[in-house]
Each structure stands twice: as C-alpha cells, then as structure tokens.
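> Sequence and predicted structure below; questions after.
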Amino acid sequence: MSDNQDPEPKGRGESRKRGQRKAGNRQGRKSQGIVLGVLSATLLLAAGAGMVSAASIVPGPAGSRALDLSLADVPAGRVTAVCPSQPRLPEGTDAGTDTQFSPVSRSAKSFLDAVVLSDPSGSVPGSNLASLGGAAIADIAKPPAPAATPVPGPPVLNAGVVAQRPAGDVMVVGADPIGSQRAAVAGLMSYTAGDGDLRGLAAAPCQQPGNDAWLVGASTALGRTAILNISNASGTPATVNLELYGSRGQVQASGSRGLLVGPGTTRSINLAGLVTNESQLSVHLRSSGGPVAASIQQSVLRGLTAGGVELITPGVAAADAQVMTGVDIQDPAAAKSLGDKAGFSDAVPALQIVVPGPVDAVVDVRLFGPNGQRALPGGGAVTAKAGAVTQVPLTGVPAGMYTVSATSDASFAASTRVTRGLKAEDPVDFAWSPAAVRLGSQHVMAVPQGGTRSLSFGVPAGRATVSYTPVTSDGKVHKTETVEIAGGTTSVIGIPDKSDGAAVSGYIVSAAGDAAYGALVLGQADQNGVSVLAIQDGAAGHEKVQVTLGY
C-alpha cells in the first residue's frame, strides 16, 4: 500500500476477507465434486470389468450353458432293400382279341437276384427275403456264431446269394448288422417279355428306403402309361407329397399331396390322373413319417406296336453337377430317321434336366466315349428353364457307349434316355440311366443271368482306377481285376456268364483317384431289350454323429 492511499476501513476489510473465504470454499467444493465424480466413474468401470470377469468364471444358468460338441456312436441297424414288383398293366385294361397284340404276355418272366457280402472274417450276416408286409419267404444266411478273435491276415470274403428266384410282388431283402457295421446288400428285379403290350426288358435295383427321391423321365402323352409305385416297408405310416415338373413348368395337381402309404403296403398312382398329355414329366417325392421306396413303371404303345417298358428309379439329389454312364447310342443316321417319324420322337437318346429352383440354369453338357469327348452337333451349352423339364437331344454322335456329364451354376436333377431298335415296324425298347453316385469303396451290385451284360465306367476328368470283383451263385468271391481309366473317357467291361464254373451273380466295385461313376447295362441277344442300372451307394460303416447337450 502506498503512503498516499487511505487505509481500508476495518469493517470493510473483514467483510472482504469473509467473501474470499466463501469463494474459496465454493471452489474447493467444486473441485472436490469433480474429483469425486471421476472416482465414481472409475469405480463403476472397475465394477463393470469385475462383473464381466466374474461372468467368465462363474457358470451361468443351466438353460444357457454352451457345451462342446461331442461325437456319439450310432448303432448299426438292419439294412432293408425294397425290390419292386414285376411290371403289370393298370387294372381295368382288357385283353385284346388278337393274341399277337394282347396286353397279357404269355412269355413274361421276372426274377430276383441278391447279394449279401460277408465281413472281412468271412461271416455272412443273418439275412432273408420277406414280403413287404414282413412275412418270411426264404433265408439267405443264418445269423453267424459269435465272432472269435480276429486272425491277422488279408480279409476272406464270401457272400450269401439269391440267384434267379421267380419274382412277382414286392419283396424285401433284409440283413442284420454284423459287429458294428451295416451289412453290404444289393439286389435287383429283372423282367423280360417277348409279346404283349409290355414287351421288352425292364430292371430295377432294390432300394434302401428314404424320404426324398427324384424320378426323371416319365411321360403321360398319348400311348404312354406312367404308374408311380410307392412302397412302405417300415412299421410307421408315411405321408407323401409329390412335386410335379413338366416341359412348361411346375404343375399344381389336385391329389398330389398328403398321400398316405400304410406300413407294409404299396400305393400305385396313375400319373396321367395328375398330369395329362405331358411328354416330359419329372417327380420329386418327399415322405414324412416312414421312409419309402419308389419307382415309375413307364410303358409305350404306338398303335398296336409295343414301344418298350422300363422301371424308372431315383437318381441322386439335385446338384450343380450330374453324371450318367451306360448310355449306349445306336447308329446316328438310322436313329435320326426313326425319331423323325410321327410318334417316335421319344425313340431316340436324350438328356432330360429339371431345375427345381427359381433361376434358369446354364448347363454345360459333355459326352465321353471310349476314345474321348464327342461334341454334340448343337453344342454343349444349354439354358434350362427354372421350374421345368428341358430335353437335350443326344443324336448325331457316333454309335458307342458314353458317359454324359452335365454341370451348371444352379442345382438340377437329370437322367438320360437310352433306346434300342431302329425300325418303326419292329418293337423297340428304352431305358433311363439316372444320375449316379461317385464310386468309393466296396459297392455291391447284383447281376441277373442271361442276355447281354456289361459294366460301364466313366471318368469325367483326371484319372481313376476301378476294381471289380465277381461274386458267383455259390457265394464265392473271385479274383479282383482293375482298369485304369483316363479322364474324359468311358470304359466298358463285358460280364462273362461264369467264373470258375459258377454263374456270375454280382460284383464288388471300388474306385480310387479322381471321380468315377458306374452302371450295369443289360440287353437281350435276340430282341431290342435294354435296361441301365446305376451303381448305388456302398454300405455305410461305423457311424458317429455330433450331439449337442443342453436344454
């Protein structure tokens, strides 16, 4: 303070000091509040972190626990293969007055052949033939005695065989598991007739029932009869829904859904009652409840001349690649001449494609013969309409055995028609080669006796080694032979009548390397009969499934 300034009055100074103290107190309380707020936020964050940390340590409620997936053994069950009945005319068809064209055949014969493979120790699982209703017909092999300690060394295989047993109604080949493995079983029903409306050759494998099947190649056009047969060998009722696809799109047909098939029964449906005058008809069958086996009895009658008979069986599920082999194509000029005649458009080879999805499929079609790929005259690129059946002619390529490969950017189902006979005045026959599974290890197949028989193997790309082992009617498994197949080719193996003096009744087929596919091709030496059976899946081994525990 300078000498010329008056001293501050005492009362005013006291008041000023009290104001300064109050301001300081307020500032202190403000700073204290900020500090406390920061500390509170820090404590809350720490508490939250502690809660998260505790949650990672302390188990939550039982209903929300996440447990690791574990693998559980699935007990091997009994194998059931359903063999279709022989082709029959629909009920209500009257016999003709002219015996030459009578629908009732005097020469029709049907046989069942089956093979049940042993385990590596040579024990054939207990197996038998039964009716669809479960009544026993005949034993194939008695249940084996309890297995002894395995002896080290190579496997010793043999088989239980059914050879050329007369067949009529639906029969079931059943085999018990042996050890922890499902039995390897195969069977087929074969039919031949030299007269009547159902003249020709037809054959179908015995199917292991399922709940989803694609059947491609039916026709309800004039003179064509398509009968869908659905068999339920289980003890549970089956409810079947049919999705129908034609050349113009999907068909919504009354009576195609909610079809009940009782245990131990077969339900037959004339597809013309659902879809009339459709020359390209495919059926997607779905079953809930009991699994079923299904086939379509397809026959053709051109005026008074029989046009063939076949049993259309399921191929593999819809996918973006399908392969069909055993496609035996006749002389191209004669086939084209026949196909150009009225009523004979379906007497030539063709590929049928059905696209179930909402988007068109651009399909690349290729044919592979013994000498490599053969180009289709119209090119191999085809646009298949969504929700419809598209037909691709396979005429114009040299005669021979082919494998048909089709790939696309969308899923589709497919089958290839094979024909036999080149003169309009003579009876002709046809077959369908369904899309086949990729060959793996130990596919068992049955083979009928008589006629012409061959194995067709196709390898679209790469290289594969295919082995095939004959099984004879006396149950013996003979020497294995192998064939090396280059990619883009088809190999044909003729089946001899006998091996070491016994009739050949089946084969064991395996493949290694790149993808290979196979089929059994049957024919008649003195007539135009033909049938093609794709080699089916091999027996499933010891299985495990993922199991999630929780509630």
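That came through fine.
> Point out where this structure drops to low pLDDT.
1-74, 92-102, 147-153, 539-551 (pLDDT under 70).
> Mind jotting down where the helices sit in it?
Here the chain has its helices, by DSSP state H, at 10-57, 332-339.
> what comes up buried for the last one?
Within helix 332-339, the residues scored as buried using 16 or more other C-beta atoms under 10 Å are 332, 335, 338-339. C-betas here are computed from N, CA, C, even on glycine.
> With stretch 471-490 instead?
Neighbour count says stretch 471-490 has 471-473, 475, 477-478, 483, 485, 487-490 buried, by 16+ other C-beta under 10 Å.
> Out of these, which two sit at the greatest distance?
475 and 488 (38.2 Å; C-beta to C-beta).
> Count the residues that sit near the closest residue to residue 279 other than its chain neighbours.
Distances taken as C-beta to C-beta, 6 or more residues apart in numbering put residue 221 closest to residue 279, at 4.3 Å, once the chain neighbours are dropped. Residues near residue 221, counting by other C-beta atoms under 10 Å, number 17.
> cool, the one 10 residues further on as well?
Summarising burial for residue 231: neighbours were counted as other C-beta under 10 Å, giving 25.
> nearest residue to residue 521 other than its sequence neighbours?
Nearest one to residue 521, counting by C-beta to C-beta, 6+ apart, is residue 326 at 4.5 Å.
> can you check residue 523 too?
residue 452 (3.9 Å).
> How about the contacts made by that neighbour?
522-525 (C-beta atoms under 8 Å, 6 or more residues apart in numbering).
> And residue 331, by the same measure?
With the criterion set at C-beta under 8 Å, 6+ apart, residue 331 makes contact with 399, 422.
> quick thing: my sequence starts at 49, can you match it?
Done: numbering now begins at 49, and the last item shifts to residue 379.
> Can you mark which positions in the longest strand along the chain are buried?
Looking across the chain with DSSP state E, the single longest strand is strand 448-468. Neighbour-count burial for strand 448-468 flags 448-456, 458-468 (criterion: 16+ other C-beta under 10 Å).
> so what strands line up beside that strand?
Here strand 448-468 has these sheet partners by DSSP bridges: strand 367-377 (antiparallel), strand 398-402 (antiparallel), strand 409-417 (antiparallel), strand 477-482 (antiparallel).
> thinking again about what came up before, would a markdown table of the buried residues of helix 380-387 with distance to residue 156 be doable?
Shown next, in a markdown table, are these (distance: C-beta to C-beta, whole Å):
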| residue | distance to residue 156 |
| --- | --- |
| 380 | 33 |
| 383 | 28 |
| 386 | 26 |
| 387 | 28 |
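> tally of neighbours for residue 245?
Quick note: residue 245 (other C-beta under 10 Å) scores 25 neighbours.
> one step back: highest mean neighbour count out of the strands paired with strand 448-468?
Greatest average neighbour count among the strands paired with strand 448-468 goes to strand 477-482 (a mean of 27), per mean count of other C-beta atoms under 10 Å.
> Now the residue positioned nearest the centre of the chain: closest residue in space that isn't a chain neighbour?
Geometric centre of the chain, nearest residue: residue 364, 2.8 Å, by C-alpha atoms, centre = their mean. The shortest distance from residue 364 to any non-neighbouring residue, by C-beta to C-beta, 6+ apart, is to residue 483 (4.8 Å).
> ok, now which ones touch the one you found?
Contacts of residue 483 by C-beta under 8 Å, 6+ apart are 363-364, 370-372, 461-463, 582.
> about what we covered before: of the contacts of residue 500 - the most surrounded one?
Most neighbours among the contacts of residue 500, by other C-beta under 10 Å: residue 570, with 25 neighbours.
> That one contacts residue 239, correct?
No. Judged on C-beta atoms under 8 Å, residue 570 makes no contact with residue 239 at a distance of 10.6 Å.
> Touching both of those two, which residues are there?
Joint contacts of residue 570 and residue 239 (C-beta under 8 Å, 6+ apart) are 249, 251.
> number of nearby residues for the residue nearest to residue 287 when sequence neighbours are not counted?
Take residue 287 and drop its neighbours on the chain: the residue closest to it by C-beta to C-beta, 6+ apart is residue 336, 5.0 Å away. Other residues lying near residue 336 total 13 when counted by other C-beta under 10 Å.
> shouldn't residue 336 be in contact with residue 284?
No. With contact defined as C-beta under 8 Å, residue 336 does not reach residue 284; the gap is 9.9 Å.
> Would you quantify the distance from residue 172 to residue 231?
From residue 172 across to residue 231, the span is 9 Å (C-beta to C-beta, to the nearest Å).
> who has more neighbours, these two?
Neighbour count, other C-beta under 10 Å: between residue 172 and residue 231, residue 231 has more, with 27 against 23.
> Next up, the contacts around that one.
For residue 231, the contact set (C-beta under 8 Å, 6+ apart) comprises 126-127, 164-165, 173, 175, 223-225, 587.
> Recalculate using a threshold of 7 Å.
Contact partners of residue 231, counting by C-beta atoms under 7 Å, 6 or more residues apart in numbering, are 127, 164, 173, 175, 223-225, 587.
> I'd like the distance between it and residue 224.
7 Å.
> what does residue 421 give?
For residue 421 relative to residue 224 (C-beta to C-beta), the value is 46 Å.
> Could you give the bridge partners of the closest residue to residue 487 other than its chain neighbours?
Excluding its sequence neighbours, the residue lying closest to residue 487 (C-beta to C-beta, 6+ apart) is residue 559, at 3.7 Å. Partner residues in beta bridges with residue 559, using DSSP bridges, are residue 514.
> Neighbours of residue 559, how many?
25.
> pretty sure it contacts residue 512?
Yes. Contact status for residue 559 versus residue 512: in contact at 5.5 Å, counting by C-beta atoms under 7 Å.
> and the residue nearest to residue 486 when sequence neighbours are not counted, how far is that from residue 448?
Closest residue to residue 486 apart from its sequence neighbours, by C-beta to C-beta, 6+ apart: residue 563 at 4.9 Å. Separation of residue 563 from residue 448 (C-beta to C-beta) stands at 21 Å.
> Just list whatever residues bridge to the nearest residue to residue 391 once chain neighbours are set aside.
Distance criterion C-beta to C-beta, 6+ apart; nearest residue to residue 391, sequence neighbours excluded, is residue 350 at 5.0 Å. Bridge pairing for residue 350 (DSSP bridges) gives the partners residue 353.
> Over to residue 165?
residue 207, residue 232.
> pretty sure it is touching residue 232, no?
Yes. Residue 165 is within contact range of residue 232, at 4.0 Å (criterion: C-beta under 7 Å).
> shared neighbours of the two, which are they?
residue 492.
> follow-up on the earlier one: tabulate the strands paired with strand 448-468 (a markdown table), appending distance to residue 213.
Putting the strands paired with strand 448-468 into a markdown table (distance: least, C-beta to C-beta, whole Å) gives the following:
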| stretch | distance to residue 213 |
| --- | --- |
| strand 367-377 | 25 |
| strand 398-402 | 33 |
| strand 409-417 | 36 |
| strand 477-482 | 23 |
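> out of these, nearest to residue 251?
strand 477-482 (8.4 Å).
> returning to that earlier point: could I get the contacts of residue 231 as CSV with neighbour count and distance to residue 545?
Below are the contacts of residue 231 laid out as CSV (neighbours: other C-beta atoms under 10 Å; distance: C-beta to C-beta, whole Å):
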residue, neighbour count, distance to residue 545
127, 20, 29
164, 32, 22
173, 28, 28
175, 24, 26
223, 25, 27
224, 18, 32
225, 16, 34
587, 19, 27
